[in-house]
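In: for reference, the sequence and a predicted model appear below.
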Amino acid sequence: MTSVQMRAARALLGMDQAKLAELSGVSLATIQRMESSEGVVRGVVETLMKVIQAFDAAGVELIGDRQRSESGGRGVRLKTPVGHREV
């Protein structure tokens, strides 16, 4: 999961950082740190899984690079990973 994915997932849900912290059982400071990091979010695996599970329960599927989405729901994805885009 990347910090960009986290922010995009929250935006799709109309959720602020405090609500994500509440739903995931992770502190607000940790959510803020995760979202302010660059690229792939690093941290305790258990904490990352809590956030991913909270997004999943809220209806957002996080899709990795070159991964298919089998659920058939609507979504948004970057054509090229952020770190590789030409500006």
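Out: That came in fine, so what should we check first?
In: buried sites along the longest helix along the chain?
Out: Ranked by residue count under DSSP state H, the longest helix found in the chain is helix 45-58. Residues of helix 45-58 classed as buried: Thr47, Leu48, Lys50, Val51, Ile52, Ala54, Phe55, Ala58 (neighbour count, 16 or more other C-beta atoms under 10 Å). From N, CA and C alone the C-beta is placed, and that goes for glycine too.
In: which one is Phe55 nearest to, not counting chain neighbours?
Out: Ala9 (5.0 Å; C-beta to C-beta, 6 or more residues apart in numbering).
In: tell me the secondary structure for Ala21?
Out: For Ala21, the secondary-structure state derived from DSSP: H, G, I helix; E, B strand; the rest coil is helix.
In: where do the helices of this protein begin and end?
Out: When secondary structure is read from DSSP H, the chain shows helices at 3-13, 17-24, 28-36, 45-58.
In: just send those helices back as TSV, with mean pLDDT and distance to Gly64 too.
Out: Compiled in TSV, these are given as follows (pLDDT from 0 to 100; distance: least, C-beta to C-beta, whole Å):
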stretch	mean pLDDT	distance to Gly64
helix 3-13	92	9
helix 17-24	98	19
helix 28-36	97	17
helix 45-58	95	11
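In: export these to TSV and tack on distance to Arg66?
Out: Output for the helices of the chain, formatted as TSV (distance: least, C-beta to C-beta, whole Å):
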stretch	distance to Arg66
helix 3-13	15
helix 17-24	26
helix 28-36	23
helix 45-58	19
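In: ok, which of those helices comes nearest Gln67?
Out: The stretch from the helices of the chain with the least distance to Gln67 (C-beta to C-beta) is helix 3-13; that distance is 11.8 Å.
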